[in-house]
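K.L.:
Give me a 3D structure for the following:
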Amino acid sequence: MRLISGIALGVAVLALALAVVALVGDDSGEGSPESGPGPAAADPAAYTQAFVDDAIRRYGELGREAALEYYSSPESVDGEWYVFIFDENDVLVANAAIPENVGLTAGEIEGSDGYPVGRMLAAGATEGGAWVPYTYLNPATGGTESKQSWVVRHDGLIFGSGWYVDGPPKSDPQAYTVAFVERGLALYELLGPEEAVAYYNTPESTDGPWYVFVIDGNGYTIAHPREEIRGRDPSERVDITGYFYGDDLLSATEDGRWVNYVFLNPTSGREEVKHTWAVRRGEHLFASGWYERYIGPPLRP
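P.N.:
I've put the predicted structure just below:
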């Protein structure tokens, strides 16, 4: 009888303990991959947010040094997901997937084309969390790919993670061009017009025939990888067919528009049809395009 009572008591205690654990797990609100059932990787945005939440939870429970040690270890990597952490001075202090970046400042972390990835992450991070899009090395594939990262500023540190997405291929030049311009707009919105102009005045910012050019509120080109184009008078936007495309270009809104005209393809060295996607942000216009061989009558909108 005592044995049965003891077993019953043990079962009751175990049930109570499990209930407490479940209650604590539910109360945390984390829903992260490691703190309990949460979003599946099939929903990468929610999974990424939960992955970062779990890192912040671990930091709170175990302390700074233990958290940094864990997120510097291979055990912390989950497929393409890994946590990176910047300290109060925007120095990277944890990254298990790309350990060679540890110790670099945000300003020293750039894409292969000089894109200011680190500074964008630092500028974008908020206490509520924010998404920052960019292209960067995927350590799992060794290639440069589009990435969406969720960054949260917490207790003076920046916690972030993200997933890699299949961006439009160059074989779909229209979609690739739109994405290329969006990348420029992201830089502009996070770091401001001066940083965007400085970057797009560099040859490293080009991608074959693709490059972003920026026009100011007065219609002048202020960013272009070709120095001779910078400061160009708006009245000179006439192609070899006599088509004055300047007005159509400057009429672009925040929704964007396509403008087709003949222009020098820097890759081929020939005058070719350029299909330009232009989007306005504030006083500035961001644009890029792709080329096709020109055969036919003069172009018109």
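
K.L.:
what packs against the host helix or strand of Q174?
P.N.:
Secondary structure assigned from DSSP states H and E places Q174 in helix 173-191. Under the contact definition 3 or more Cβ pairs under 8 Å, 6 or more residues apart in numbering; DSSP states H and E, helix 173-191 sits against helix 117-124, strand 130-137, helix 193-200, strand 271-281, strand 284-292. Where you see a C-beta, it was placed from the backbone N, CA and C, and this is true even at glycine.

K.L.:
can you give me the mean pLDDT across that helix?
P.N.:
Taken as a whole, helix 173-191 has a mean pLDDT of 97.

K.L.:
tell me the angle that helix makes with strand 271-281.
P.N.:
If you take axes from the mean of the first three to the mean of the last three Cα atoms, to 10 degrees, helix 173-191 sits at 40 degrees to strand 271-281.

K.L.:
Buried residues, helix 173-191. List them.
P.N.:
Using 16 or more other Cβ atoms under 10 Å as the test for burial, helix 173-191 gives 173, 176-188, 190-191.

K.L.:
Please read off the pLDDT at the residue nearest to D233 when sequence neighbours are not counted from the model.
P.N.:
The shortest distance from D233 to any non-neighbouring residue, by Cβ to Cβ, 6 or more residues apart in numbering, is to Y220 (7.3 Å). Y220 carries a pLDDT value of 97.

K.L.:
which residues touch Y220?
P.N.:
G231, R232, D233, P234 (Cβ atoms under 8 Å, 6 or more residues apart in numbering).

K.L.:
Can you tell me the closest non-neighbouring residue to the second one?
P.N.:
Spatially, and ignoring its direct neighbours in sequence, R232 is nearest to T221 (4.6 Å; Cβ to Cβ, 6+ apart).

K.L.:
Spatially central residue for the protein, please.
P.N.:
With distances taken as Cα atoms, centre = their mean, P133 lies nearest the centre of the chain, 1.5 Å away.

K.L.:
Correct me if wrong: that residue contacts W150.
P.N.:
No - the pair P133 and W150 fails to qualify as a contact (Cβ atoms under 8 Å) at a distance of 10.9 Å.

K.L.:
Out of the helices and strands in this protein, which is least certain?
P.N.:
One helix or strand of the chain scores below all others by mean pLDDT, DSSP states H and E: helix 2-28, with a mean of 36.

K.L.:
I'd like the average pLDDT over whichever helix or strand comes after that one.
P.N.:
Once helix 2-28 ends, the next helix or strand along the chain (criterion: DSSP H and E) is helix 44-62. The predicted model gives helix 44-62 an average pLDDT of 98.

K.L.:
what's the angle between helix 44-62 and strand 130-137?
P.N.:
Using the same axes, to 10 degrees, helix 44-62 lies at 100 degrees relative to strand 130-137.

K.L.:
Need the contact partners of whatever helix or strand comes next after helix 44-62.
P.N.:
Using DSSP H and E, the next helix or strand after helix 44-62 towards the C-terminus is helix 64-70. With contact meaning Cβ under 8 Å, 6+ apart, helix 64-70 is reached by A55, R58, Y59, L62, S76, I85, V93, A94.
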